[in-house]
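*Asks:* Pasted the sequence and its predicted model underneath.
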Amino acid sequence: MKLSTKPAEAGAASTGFVAVRKFLHAGQPSYPRTLDLEAEPAEELRITLQPGALVGPALRRVLARYGQRGGVGRLCGGTARRLHYHRIETTEDPDRPYDYGPPHVLEGVISFVTGAITVGQNADGKILLHCHSGFINGDGALHGGHLLLDTVEVGDDPLIIRLCLFSRGAFVVNSDEETHFSLLHPTPME
Amino acid sequence: MTSLSNDTTDTTDTTDELDNHIHVEQGRLGKLVMARLKPNQDMTESVEALCRQHGMKTAIVRGAIGSLIDAHLQYATPTGLREMEVNGPGVEILNVFGEIGFSGEASHHHPLQGVVADTDGKIFAGRFVRGANLSFITIEITLQEWIAVEQAEAVPA
(Lines give C-alpha, C1' and ligand atoms only; values in the text may rest on other atoms or scores of the structure.)
Protein backbone atom coordinates (compact mmCIF):
# COMPACT_ATOMS: atom_id res chain seq x y z
CA MET A 1 0.00 0.00 0.00
CA LYS A 2 1.24 3.46 -0.84
CA LEU A 3 -0.66 6.39 0.53
CA SER A 4 0.13 9.94 -0.43
CA THR A 5 -1.60 13.27 0.00
CA LYS A 6 -1.16 16.54 -1.88
CA PRO A 7 -3.01 19.83 -2.28
CA ALA A 8 -5.93 19.43 -4.65
CA GLU A 9 -6.11 21.50 -7.80
CA ALA A 10 -7.61 24.91 -7.07
CA GLY A 11 -11.28 25.32 -7.91
CA ALA A 12 -13.93 22.69 -8.12
CA ALA A 13 -13.99 22.60 -11.88
CA SER A 14 -10.26 22.95 -12.57
CA THR A 15 -8.95 21.38 -15.74
CA GLY A 16 -5.70 19.60 -16.48
CA PHE A 17 -4.12 16.19 -16.47
CA VAL A 18 -4.83 13.79 -13.64
CA ALA A 19 -2.32 11.01 -13.08
CA VAL A 20 -4.43 7.86 -13.20
CA ARG A 21 -3.26 4.30 -13.72
CA LYS A 22 -5.14 1.85 -15.91
CA PHE A 23 -4.93 -1.92 -15.69
CA LEU A 24 -4.93 -4.33 -18.62
CA HIS A 25 -6.49 -7.66 -17.64
CA ALA A 26 -5.42 -10.94 -19.25
CA GLY A 27 -8.70 -11.52 -21.06
CA GLN A 28 -10.38 -9.86 -23.98
CA PRO A 29 -12.24 -6.62 -23.20
CA SER A 30 -15.81 -6.46 -24.37
CA TYR A 31 -18.12 -3.58 -25.13
CA PRO A 32 -20.07 -1.64 -24.00
CA ARG A 33 -17.98 -0.86 -20.93
CA THR A 34 -21.03 -0.26 -18.75
CA LEU A 35 -23.85 -2.79 -18.53
CA ASP A 36 -27.07 -1.32 -17.24
CA LEU A 37 -30.73 -2.02 -16.84
CA GLU A 38 -33.80 -0.20 -15.58
CA ALA A 39 -35.66 -1.94 -12.78
CA GLU A 40 -38.75 -1.19 -10.74
CA PRO A 41 -38.59 -0.51 -7.01
CA ALA A 42 -40.35 -3.34 -5.20
CA GLU A 43 -39.79 -3.53 -1.44
CA GLU A 44 -37.91 -1.49 1.13
CA LEU A 45 -36.88 -3.63 4.11
CA ARG A 46 -35.42 -2.82 7.51
CA ILE A 47 -34.06 -6.03 8.94
CA THR A 48 -32.95 -6.50 12.53
CA LEU A 49 -30.81 -9.53 13.31
CA GLN A 50 -30.55 -10.48 16.96
CA PRO A 51 -27.40 -11.47 18.88
CA GLY A 52 -26.07 -14.86 17.82
CA ALA A 53 -27.71 -14.87 14.38
CA LEU A 54 -25.60 -15.90 11.42
CA VAL A 55 -26.07 -13.08 8.94
CA GLY A 56 -25.86 -14.94 5.62
CA PRO A 57 -28.42 -17.68 6.40
CA ALA A 58 -30.69 -15.17 8.16
CA LEU A 59 -30.74 -12.83 5.15
CA ARG A 60 -31.38 -15.70 2.74
CA ARG A 61 -34.31 -16.77 4.90
CA VAL A 62 -35.77 -13.28 4.73
CA LEU A 63 -35.16 -12.90 1.00
CA ALA A 64 -36.74 -16.27 0.20
CA ARG A 65 -40.13 -14.71 1.07
CA TYR A 66 -39.82 -12.20 -1.76
CA GLY A 67 -39.05 -14.51 -4.68
CA GLN A 68 -36.37 -13.74 -7.24
CA ARG A 69 -35.47 -10.14 -6.61
CA GLY A 70 -32.40 -8.06 -7.22
CA GLY A 71 -31.43 -5.77 -4.43
CA VAL A 72 -28.96 -3.50 -2.76
CA GLY A 73 -28.56 -2.41 0.82
CA ARG A 74 -26.45 -1.04 3.58
CA LEU A 75 -25.37 -2.13 7.04
CA CYS A 76 -26.82 0.51 9.34
CA GLY A 77 -25.22 -0.44 12.64
CA GLY A 78 -24.57 -3.22 15.07
CA THR A 79 -21.81 -5.49 16.22
CA ALA A 80 -20.39 -8.93 15.47
CA ARG A 81 -18.73 -11.58 17.60
CA ARG A 82 -16.91 -13.17 14.72
CA LEU A 83 -16.34 -12.58 11.02
CA HIS A 84 -14.08 -13.42 8.09
CA TYR A 85 -13.09 -10.91 5.47
CA HIS A 86 -10.82 -10.93 2.42
CA ARG A 87 -8.42 -8.45 0.88
CA ILE A 88 -7.10 -8.43 -2.67
CA GLU A 89 -3.57 -9.83 -2.95
CA THR A 90 -1.08 -10.53 -5.72
CA THR A 91 -0.85 -14.08 -7.10
CA GLU A 92 1.56 -16.07 -9.26
CA ASP A 93 -1.13 -16.70 -11.86
CA PRO A 94 -0.53 -14.52 -14.96
CA ASP A 95 -4.15 -15.01 -16.03
CA ARG A 96 -5.40 -13.63 -12.73
CA PRO A 97 -2.55 -11.73 -11.07
CA TYR A 98 -4.75 -10.29 -8.30
CA ASP A 99 -7.22 -12.28 -6.29
CA TYR A 100 -8.68 -12.55 -2.82
CA GLY A 101 -6.20 -13.98 -0.33
CA PRO A 102 -6.98 -16.23 2.64
CA PRO A 103 -9.62 -14.92 5.03
CA HIS A 104 -8.70 -12.57 7.85
CA VAL A 105 -10.55 -13.72 10.96
CA LEU A 106 -11.75 -11.32 13.65
CA GLU A 107 -13.28 -12.43 16.94
CA GLY A 108 -14.42 -10.65 20.07
CA VAL A 109 -16.29 -7.37 19.92
CA ILE A 110 -16.46 -5.93 16.41
CA SER A 111 -18.40 -2.76 15.60
CA PHE A 112 -19.62 -2.09 12.07
CA VAL A 113 -18.97 1.41 10.78
CA THR A 114 -20.01 1.04 7.15
CA GLY A 115 -21.07 -1.62 4.71
CA ALA A 116 -22.88 -2.22 1.46
CA ILE A 117 -24.61 -5.32 0.14
CA THR A 118 -25.58 -6.43 -3.34
CA VAL A 119 -28.26 -9.10 -3.44
CA GLY A 120 -27.47 -11.26 -6.43
CA GLN A 121 -28.13 -14.77 -7.61
CA ASN A 122 -26.36 -17.55 -9.40
CA ALA A 123 -27.50 -19.13 -12.66
CA ASP A 124 -29.80 -21.50 -10.70
CA GLY A 125 -31.54 -18.62 -8.97
CA LYS A 126 -29.90 -19.21 -5.58
CA ILE A 127 -29.31 -16.04 -3.57
CA LEU A 128 -25.77 -14.73 -3.55
CA LEU A 129 -24.78 -11.98 -1.13
CA HIS A 130 -21.90 -9.68 -2.01
CA CYS A 131 -20.84 -7.47 0.86
CA HIS A 132 -18.02 -5.01 1.49
CA SER A 133 -17.74 -3.55 4.95
CA GLY A 134 -15.62 -1.60 7.40
CA PHE A 135 -15.46 -2.36 11.12
CA ILE A 136 -13.52 -1.71 14.34
CA ASN A 137 -12.17 -4.52 16.47
CA GLY A 138 -12.05 -4.52 20.26
CA ASP A 139 -8.61 -2.88 20.23
CA GLY A 140 -9.88 0.06 18.19
CA ALA A 141 -8.20 -1.00 14.95
CA LEU A 142 -10.11 -0.29 11.73
CA HIS A 143 -10.43 -3.02 9.11
CA GLY A 144 -12.24 -3.21 5.80
CA GLY A 145 -12.69 -5.51 2.85
CA HIS A 146 -14.83 -8.19 1.26
CA LEU A 147 -16.98 -9.53 4.09
CA LEU A 148 -18.25 -13.11 4.04
CA LEU A 149 -21.74 -12.73 5.50
CA ASP A 150 -22.00 -16.47 6.10
CA THR A 151 -19.23 -16.13 8.72
CA VAL A 152 -20.69 -13.12 10.52
CA GLU A 153 -22.22 -13.88 13.90
CA VAL A 154 -24.18 -10.92 15.28
CA GLY A 155 -22.76 -9.53 18.52
CA ASP A 156 -24.50 -8.10 21.58
CA ASP A 157 -25.94 -5.16 19.62
CA PRO A 158 -28.47 -6.25 17.01
CA LEU A 159 -27.39 -5.75 13.41
CA ILE A 160 -29.60 -3.43 11.36
CA ILE A 161 -29.64 -3.94 7.59
CA ARG A 162 -31.67 -1.91 5.10
CA LEU A 163 -32.40 -3.45 1.73
CA CYS A 164 -34.00 -2.06 -1.41
CA LEU A 165 -35.36 -4.88 -3.52
CA PHE A 166 -36.36 -4.47 -7.15
CA SER A 167 -38.36 -6.29 -9.77
CA ARG A 168 -37.79 -6.71 -13.51
CA GLY A 169 -34.04 -7.00 -12.96
CA ALA A 170 -31.45 -8.79 -10.85
CA PHE A 171 -27.69 -9.08 -10.46
CA VAL A 172 -26.84 -12.54 -11.82
CA VAL A 173 -23.42 -14.24 -11.75
CA ASN A 174 -21.68 -14.80 -15.04
CA SER A 175 -18.07 -15.53 -15.89
CA ASP A 176 -16.26 -12.50 -17.21
CA GLU A 177 -13.86 -13.14 -20.08
CA GLU A 178 -11.86 -9.99 -19.47
CA THR A 179 -11.00 -10.42 -15.77
CA HIS A 180 -11.51 -14.19 -15.47
CA PHE A 181 -13.69 -13.64 -12.40
CA SER A 182 -17.30 -14.70 -11.90
CA LEU A 183 -19.09 -11.39 -11.52
CA LEU A 184 -22.57 -10.02 -10.97
CA HIS A 185 -24.24 -8.60 -14.08
CA PRO A 186 -27.54 -6.71 -14.43
CA THR A 187 -29.98 -9.18 -15.99
CA PRO A 188 -33.63 -8.73 -16.99
CA MET A 189 -36.11 -10.79 -14.99
CA GLU A 190 -39.80 -11.43 -15.55
CA MET B 1 -37.65 24.73 -3.08
CA THR B 2 -39.47 26.20 -0.09
CA SER B 3 -38.40 27.68 3.23
CA LEU B 4 -39.34 26.29 6.60
CA SER B 5 -41.08 28.41 9.18
CA ASN B 6 -41.48 27.49 12.82
CA ASP B 7 -43.99 29.32 15.00
CA THR B 8 -42.65 27.86 18.23
CA THR B 9 -39.29 29.66 18.19
CA ASP B 10 -38.73 32.48 20.67
CA THR B 11 -37.77 35.40 18.45
CA THR B 12 -38.86 36.36 14.98
CA ASP B 13 -35.40 37.67 14.13
CA THR B 14 -33.78 34.32 14.82
CA THR B 15 -36.47 32.51 12.88
CA ASP B 16 -36.07 34.75 9.85
CA GLU B 17 -32.32 34.32 9.93
CA LEU B 18 -32.66 30.58 10.29
CA ASP B 19 -35.18 30.40 7.43
CA ASN B 20 -32.64 31.92 5.09
CA HIS B 21 -30.36 28.94 5.73
CA ILE B 22 -32.90 26.21 5.25
CA HIS B 23 -34.23 24.93 1.96
CA VAL B 24 -36.39 21.88 1.66
CA GLU B 25 -37.08 20.09 -1.56
CA GLN B 26 -39.97 17.66 -1.40
CA GLY B 27 -40.15 14.79 -3.82
CA ARG B 28 -40.30 11.08 -4.33
CA LEU B 29 -38.07 8.29 -5.53
CA GLY B 30 -38.58 6.97 -9.06
CA LYS B 31 -37.06 4.33 -11.25
CA LEU B 32 -33.97 2.31 -10.43
CA VAL B 33 -30.97 1.80 -12.66
CA MET B 34 -28.67 -1.11 -11.89
CA ALA B 35 -25.27 -1.30 -13.56
CA ARG B 36 -21.93 -3.02 -13.74
CA LEU B 37 -18.88 -0.91 -14.60
CA LYS B 38 -16.18 -2.88 -16.39
CA PRO B 39 -12.46 -2.30 -15.73
CA ASN B 40 -10.92 1.15 -16.23
CA GLN B 41 -14.24 3.03 -16.10
CA ASP B 42 -14.36 6.11 -13.89
CA MET B 43 -17.06 5.83 -11.27
CA THR B 44 -18.28 9.45 -11.27
CA GLU B 45 -18.30 9.87 -15.04
CA SER B 46 -20.02 6.51 -15.50
CA VAL B 47 -22.73 7.37 -12.99
CA GLU B 48 -23.40 10.68 -14.72
CA ALA B 49 -23.53 8.97 -18.10
CA LEU B 50 -26.06 6.48 -16.71
CA CYS B 51 -28.24 9.34 -15.46
CA ARG B 52 -28.22 11.04 -18.85
CA GLN B 53 -28.82 7.79 -20.70
CA HIS B 54 -31.85 6.96 -18.55
CA GLY B 55 -33.28 10.48 -18.52
CA MET B 56 -32.75 11.12 -14.81
CA LYS B 57 -32.21 14.79 -13.90
CA THR B 58 -31.31 13.87 -10.36
CA ALA B 59 -30.46 10.51 -8.84
CA ILE B 60 -29.10 9.12 -5.61
CA VAL B 61 -26.76 6.22 -5.11
CA ARG B 62 -28.65 3.35 -3.48
CA GLY B 63 -25.69 0.98 -3.37
CA ALA B 64 -22.21 0.46 -4.76
CA ILE B 65 -19.66 -2.28 -4.25
CA GLY B 66 -16.51 -3.06 -6.17
CA SER B 67 -12.83 -2.33 -6.44
CA LEU B 68 -10.64 0.45 -7.78
CA ILE B 69 -7.19 0.38 -9.34
CA ASP B 70 -6.27 3.31 -7.06
CA ALA B 71 -8.53 5.61 -5.07
CA HIS B 72 -8.22 9.39 -5.32
CA LEU B 73 -10.15 11.04 -2.50
CA GLN B 74 -10.54 14.73 -1.80
CA TYR B 75 -11.20 16.44 1.52
CA ALA B 76 -11.29 19.98 2.87
CA THR B 77 -8.71 21.40 5.29
CA PRO B 78 -8.30 24.86 6.83
CA THR B 79 -5.67 25.60 4.19
CA GLY B 80 -7.68 24.34 1.24
CA LEU B 81 -8.59 21.11 -0.46
CA ARG B 82 -6.26 18.15 -0.30
CA GLU B 83 -6.21 14.97 -2.28
CA MET B 84 -5.34 11.54 -0.99
CA GLU B 85 -4.12 8.76 -3.24
CA VAL B 86 -4.66 5.23 -1.95
CA ASN B 87 -2.84 2.76 -4.14
CA GLY B 88 -3.93 -0.70 -5.19
CA PRO B 89 -4.65 -2.31 -7.47
CA GLY B 90 -7.53 -3.70 -5.52
CA VAL B 91 -8.74 -0.83 -3.34
CA GLU B 92 -12.11 -2.07 -2.13
CA ILE B 93 -15.14 0.22 -2.27
CA LEU B 94 -16.95 -0.25 1.05
CA ASN B 95 -19.73 2.28 0.49
CA VAL B 96 -20.65 5.17 -1.77
CA PHE B 97 -23.05 7.99 -1.03
CA GLY B 98 -24.07 10.93 -3.13
CA GLU B 99 -26.51 12.51 -5.47
CA ILE B 100 -26.04 13.35 -9.10
CA GLY B 101 -27.83 16.31 -10.58
CA PHE B 102 -27.59 18.34 -13.69
CA SER B 103 -29.20 21.57 -12.57
CA GLY B 104 -29.11 23.96 -9.64
CA GLU B 105 -27.61 23.17 -6.29
CA ALA B 106 -27.53 19.44 -6.84
CA SER B 107 -24.65 19.82 -9.28
CA HIS B 108 -21.23 19.20 -7.82
CA HIS B 109 -17.94 18.56 -9.54
CA HIS B 110 -17.21 15.59 -7.25
CA PRO B 111 -20.73 14.43 -6.34
CA LEU B 112 -19.82 11.06 -4.82
CA GLN B 113 -18.20 10.35 -1.48
CA GLY B 114 -17.53 7.21 0.38
CA VAL B 115 -15.30 4.79 2.19
CA VAL B 116 -12.61 2.50 0.79
CA ALA B 117 -10.16 -0.06 2.15
CA ASP B 118 -6.66 -0.60 0.81
CA THR B 119 -4.96 -3.95 0.30
CA ASP B 120 -3.85 -3.92 3.96
CA GLY B 121 -7.46 -3.54 5.08
CA LYS B 122 -6.92 0.07 6.19
CA ILE B 123 -9.89 2.41 5.77
CA PHE B 124 -9.99 5.83 4.10
CA ALA B 125 -12.84 8.18 3.24
CA GLY B 126 -13.45 11.27 1.18
CA ARG B 127 -14.93 12.64 -2.03
CA PHE B 128 -14.18 10.57 -5.10
CA VAL B 129 -12.22 12.77 -7.51
CA ARG B 130 -13.82 12.90 -10.94
CA GLY B 131 -11.87 11.00 -13.58
CA ALA B 132 -9.48 9.44 -11.08
CA ASN B 133 -11.29 6.43 -9.59
CA LEU B 134 -11.20 3.68 -12.18
CA SER B 135 -12.87 0.33 -11.74
CA PHE B 136 -10.36 -2.50 -11.23
CA ILE B 137 -12.42 -5.70 -11.65
CA THR B 138 -16.00 -4.55 -11.35
CA ILE B 139 -18.26 -2.01 -9.71
CA GLU B 140 -21.88 -2.91 -9.04
CA ILE B 141 -23.86 0.27 -8.67
CA THR B 142 -27.55 1.06 -8.31
CA LEU B 143 -29.03 4.54 -8.76
CA GLN B 144 -32.53 5.74 -8.05
CA GLU B 145 -34.20 8.73 -9.61
CA TRP B 146 -35.18 11.65 -7.38
CA ILE B 147 -38.28 13.42 -8.67
CA ALA B 148 -38.79 16.80 -7.04
CA VAL B 149 -42.38 17.89 -6.47
CA GLU B 150 -43.28 21.32 -7.79
CA GLN B 151 -43.38 23.94 -5.02
CA ALA B 152 -47.12 24.60 -5.40
CA GLU B 153 -47.69 20.87 -4.97
CA ALA B 154 -45.33 20.59 -2.01
CA VAL B 155 -46.68 23.39 0.18
CA PRO B 156 -50.23 22.94 1.47
CA ALA B 157 -52.45 25.95 0.76
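*Replies:* It's in.
*Asks:* Centroid-nearest residue for chain B?
*Replies:* Nearest to the geometric centre of chain B sits residue B:98, at 1.5 Å (C-alpha atoms, centre = their mean).
*Asks:* Go ahead and confirm that one touches residue B:126.
*Replies:* No - the pair residue B:98 / residue B:126 is not scored as a contact, 11.9 Å apart, by C-beta atoms under 8 Å. (C-beta placed from N, C-alpha, C; glycine too.)
*Asks:* Surely residue B:113 and residue B:124 touch.
*Replies:* No - using C-beta under 8 Å, residue B:113 is not in contact with residue B:124, being 11.4 Å away.
*Asks:* Any regions of chain A where pLDDT drops low?
*Replies:* A:1-4, A:9-18 (pLDDT under 70).
*Asks:* Could you rerun that using 80?
*Replies:* A:1-19, A:68, A:190 (pLDDT under 80).
*Asks:* Tell me which stretches of it form helices.
*Replies:* With DSSP state H as the criterion, chain A has helices at A:55-63.
*Asks:* in it, which strand has the most residues?
*Replies:* Assignment by DSSP state E gives strand A:104-121 as the longest strand of chain A.
*Asks:* And chain B, by the same measure?
*Replies:* strand B:80-101.
*Asks:* Go through that one and flag the buried ones.
*Replies:* B:81, B:83-98, B:100-101 (16 or more other C-beta atoms under 10 Å in any protein chain shown).
*Asks:* same check, this time on stretch B:125-135
*Replies:* Residues B:125, B:126, B:127, B:128, B:129, B:130, B:132, B:133, B:134, B:135 are the ones in stretch B:125-135 that count as buried (16+ other C-beta under 10 Å).
*Asks:* Then stretch A:65-83?
*Replies:* Within stretch A:65-83, the residues scored as buried using 16+ other C-beta under 10 Å are A:69, A:70, A:71, A:72, A:73, A:74, A:75, A:78, A:79, A:80, A:81, A:83.
*Asks:* Among those residues, which lie within strands?
*Replies:* A:70, A:71, A:72, A:73, A:74, A:75, A:79, A:80, A:81, A:83.
*Asks:* Alright, calling it a day.
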